[in-house]
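Engineer: I would like to see how this sequence folds:
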Amino acid sequence: MTAETLLRNCWYAAARADEVTPDAPFARTMLGEPIVLFRRMDGAIAALEDRCPHRKAPLSLGRIWDGKIQCNYHGARFNGDKAGAAARKIVAQLLAQGNARAAE
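Structural biologist: Predicted coordinates for the structure are as follows:
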């Protein structure tokens with residue numbers, strides 16, 4: 001099957017559980033869209049669009065820090081829970097502080 005023949009807004013397996021480890025982001029393209037999977041502190045798998053909302057850097061090139069994915073460009077961290085609002089807040093804080101790292 002190709003991205004053109006699959007339906008959006010449906011559930012698809014993105015990876016096997018053993019492919020998503022606690023120590024590294026896992027990049028995958030689904031329906032032509034880049035996503036990144038990672039394990040949170042509680043062991044749950046989170047999935048986000050594979051781009052930082054600030055400079056569009058691939059999050060999959062970052063690292064996992066305390067169960068959050070950290071952008072390799074500015075250091076903003078995202079936990080994958082309600083990511084849209086959290087991402088905007090973190091990026092706004094980074095820009096306001098002129099800081100290269102998000103506050104813990």
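Engineer: where in this structure is pLDDT low?
Structural biologist: Applying pLDDT under 70 to the chain picks out residues 1-5, 82-104.
Engineer: what about the strands in it?
Structural biologist: Along the chain, the segments classed as strands by DSSP state E run 26-30, 33-39, 45-49, 63-65, 68-70, 77-78.
Engineer: ok, and what's touching the second one?
Structural biologist: When contacts are taken as CB atoms under 8 Å, 6 or more residues apart in numbering, the neighbours of strand 33-39 outside the stretch itself are 14-15, 19-22, 24-29, 45-51, 58-60, 64, 67, 69, 80. From N, CA and C alone the C-beta is placed, and that goes for glycine too.
Engineer: pairing partners for it, with directions?
Structural biologist: Strand pairing for strand 33-39, using DSSP bridges, gives strand 26-30 (antiparallel), strand 45-49 (antiparallel).
Engineer: send me the first one as PDB with only the CA atoms.
Structural biologist: In PDB, the C-alpha atoms belonging to strand 26-30 read as follows (Å, rounded to 0.1, in the frame of the first residue of the first chain):
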ATOM      1  CA  PHE A  26      12.600   6.800  16.400                       C
ATOM      2  CA  ALA A  27      11.800   8.500  13.000                       C
ATOM      3  CA  ARG A  28       9.200   7.200  10.700                       C
ATOM      4  CA  THR A  29       7.200   8.600   7.700                       C
ATOM      5  CA  MET A  30       3.500   7.800   7.800                       C
END
